[in-house]
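Peer 1: Compute the structure for the input listed below.
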Amino acid sequence: MTPNQPSPARATPPARRNQQNRFKRWLPWLGAGLLVALIVLGFIPRPIPVETTRVTQGQLRATVNEEGKTRIQQRYVVSAPVAGHLRRIPFKAGADVVAGKTVVAVIDPVSPAMLDARNRALAEARRDTAAANLDKAREAQRFAASELRRLEKLLAEKSASQQELENAQWRETSAAKDLITAESALREAETELKEFAVSDGSATSGSRAPVAVTSPTSGRVLHVFEASSRVVPAGLPLLDLGDPADLEAVIEVLSRDGAAILPGAKVELEQWGGGEALAARVRLVEPAAFLKVSALGVEEQRVNVVVDIVTPYEQRRNLGDNFRVEARIVVWEADHALKVPAGALFRRGQNWAAFVLIGGRAELRRVTVGRSSGSEMQILDGLKAGEEVILYPGDRVKAGQRVKPIQIAQ
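Peer 2: A predicted model of the protein is given here:
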């Protein structure tokens, strides 16, 4: 054999050929077994990922949350004491006033002596009419009294009936009352005529001195109703005064919630425009409720809860009258309550229940709940502190099912 010629292939031993043939025969069975194993693994249920939290002990409060508004406790509406010409009011809303010193308005009264001939003639005519009516009433009363005496004599002689006597008595009483009415009308007409002073026929008496209206309280001007100079009648509102430091809040709550609120309960006023919530106390739950239609068109029985703001005025200077606030009224609180988030509880029939994570499986527990703060609920029975419960289980979690926590809420 020359060196350039390839060497002949070596012969395969018989044992090795038998081994290769045996492997080829078992290869389909191994593939089928692997396929069956994969199918079995695919049907094995996998743990459901769930969010969990722990049962804890801590502070828990039950509150009534509603909107309200502030108002000044002692509010004063200054009105015109007399009819006359109002001078222009120089104050604007927010101006400071001092009780008994600051003149908030000046009115030049209309003189009561201003009476023209026509009005005087009408007043005299009313006086003369009242005098004539008085004379007529006197004659009627005299005639009724005379007729009564005559019938009394006839009745004594049995010449008149008892009914005729009673009719006469009624006419005499009625005539006496008419006489009293006529006398009052005459006095009224004479008093009205006396109010108008009569001069020598050319002019009436002079004008009266201006009336200065002072502030009845110390505080600020809240609103000016009549700023311009004009003629005003007596009793017309001119200004609205009050002290912004003397604030209270009025919260409208449902009547069923108002029945659970006691005087002295703590209140937190939020969303008023400042950084921190304002502290307040319930002073009064009004004894009468009222009907109010909500934004959804539902009729609700509501009652006003009046609270006093405890936070010092220096920390709430920007809070004024009729400002909107959100109130949290504390109706119950405990410092060491056993509690869980409300999302861990659900209804099972007429009872509350929760899923507890034990050994990687969900265990159904019936629990007894107490008070609620909205986001958390008090546990009276069924759970212990430190146990891990499932949040928002829904319909996908069943009792005894394997679960896998993905997040522990603190």
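
Peer 1: partners of the residue positioned nearest the centre of the chain in the sheet?
Peer 2: Nearest to the geometric centre of the chain sits residue 252, at 2.0 Å (Cα atoms, centre = their mean). Beta-bridge pairing for residue 252 (DSSP bridges): residue 304.

Peer 1: how far away is it from residue 404?
Peer 2: Distance from residue 252 to residue 404, counting by Cβ to Cβ, to the nearest Å: 48 Å. Backbone N, C-alpha and C define where each C-beta goes, glycine included.

Peer 1: Same check on residue 320?
Peer 2: Residue 320 sits 55 Å away from residue 404, taking Cβ to Cβ as the criterion.

Peer 1: for residue 341, same thing?
Peer 2: 20 Å.

Peer 1: Neighbour count: those two, which is higher?
Peer 2: Of the pair residue 341 and residue 404, residue 341 is the one with more neighbours under other Cβ atoms under 10 Å, namely 16 against 12.

Peer 1: Can you give me the pLDDT of the more buried one?
Peer 2: pLDDT recorded at residue 341 is 92.

Peer 1: and it, what are its phi and psi?
Peer 2: The phi and psi torsions at residue 341 (degrees, to the nearest 10) take the values phi -60, psi 150.

Peer 1: can you pull up the bridge partners for it?
Peer 2: Going by DSSP bridges, residue 341 forms beta bridges with residue 376.

Peer 1: That one against residue 52, yeah?
Peer 2: No. With contact defined as Cβ atoms under 8 Å, residue 341 does not reach residue 52; the gap is 10.5 Å.

Peer 1: mind listing what's buried in whichever strand or helix holds residue 330?
Peer 2: If you go by DSSP states H and E, residue 330 is part of strand 324-341. Neighbour counts using 16 or more other Cβ atoms under 10 Å place 325, 327-332, 334, 337-341 of strand 324-341 among the buried residues.

Peer 1: Next, count neighbours for the nearest residue to residue 186 once chain neighbours are set aside.
Peer 2: Leaving aside its sequence neighbours, residue 186 sits nearest to residue 130 (Cβ to Cβ, 6 or more residues apart in numbering; 4.0 Å). Residue 130 has 18 neighbours, counted by other Cβ under 10 Å.

Peer 1: Can you name the two of the buried residues of strand 324-341 that sit furthest apart?
Peer 2: Spanning the widest gap among these are 325 and 338, at 32.5 Å by Cβ to Cβ.

Peer 1: give me phi/psi at residue 360?
Peer 2: Dihedral angles (degrees, to the nearest 10) for residue 360: phi 80, psi 10.
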